[in-house]
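*Asks:* next come a sequence and a model predicted from it.
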Amino acid sequence: MVKPRGLVGSADYTLTLINRMEPTSIKRDLKNENLFGLGKTSVSWHKDSGLQDFSSIAVYHTILQDEGNNRYDRDYEYDNKSLKNGKGSQNNTPWRVALRVGGENNAKTPALAVPLPGGSLYYLLDDFNHTREHAVLSGSNQLRYSSTHRVAREG
């Protein structure tokens, strides 16, 4: 069922998920994203399930430069040249959120990978979760914590 344009689902969040994700320098058994060659994934392509239809999803994430440093990485700058084809240098790949048109093995429309500095907040709104998929692409040397807020389906 596709909802008419202009109508937005709920943002009355009832469910929060906290994640700690290790970078590729620590967690070496991460899977490669093979459809678009975007690198290692901490969370593979998916649509969130068990949610109220057309509800929004909010994600806040923060990044620690390294486990021993405990310095939040809000001022981290990404070198555009090192992000060529969505990949950073081996020593400095940023955490990224990838977005694509939904559907199994849908490689006709290119995916979009967005590097996000620590302290970023992003939303997946309205019909996004019905028509598109998202993934979390691993950074190379920064620890990532995220807080995901959702509207759970009732009943």
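*Replies:* The structure has been received and is ready for your questions. Numbering: from 1, shown residues only.
*Asks:* CA atoms for contacts and neighbours, from now on please.
*Replies:* Fine.
*Asks:* below-threshold pLDDT in this protein: ranges please.
*Replies:* 1-7, 65-91, 104-107 (pLDDT under 70).
*Asks:* hmm, 50 instead?
*Replies:* 67, 69-89 (pLDDT under 50).
*Asks:* now do the helices in it.
*Replies:* Assigned by DSSP state H, the chain shows helices spanning 128-131.
*Asks:* let me see the contact set for residue 47.
*Replies:* 129, 130, 132, 133, 134 (Cα atoms under 8 Å, 6 or more residues apart in numbering).
*Asks:* gap between it and residue 13?
*Replies:* 17 Å (Cα to Cα, to the nearest Å).
*Asks:* and residue 143, by the same measure?
*Replies:* Taken as Cα to Cα, the span from residue 143 to residue 13 is 26 Å.
*Asks:* these two: which is more packed in?
*Replies:* Set residue 143 next to residue 13 and count neighbours by other Cα atoms under 10 Å: residue 143 wins out with 24 against 15.
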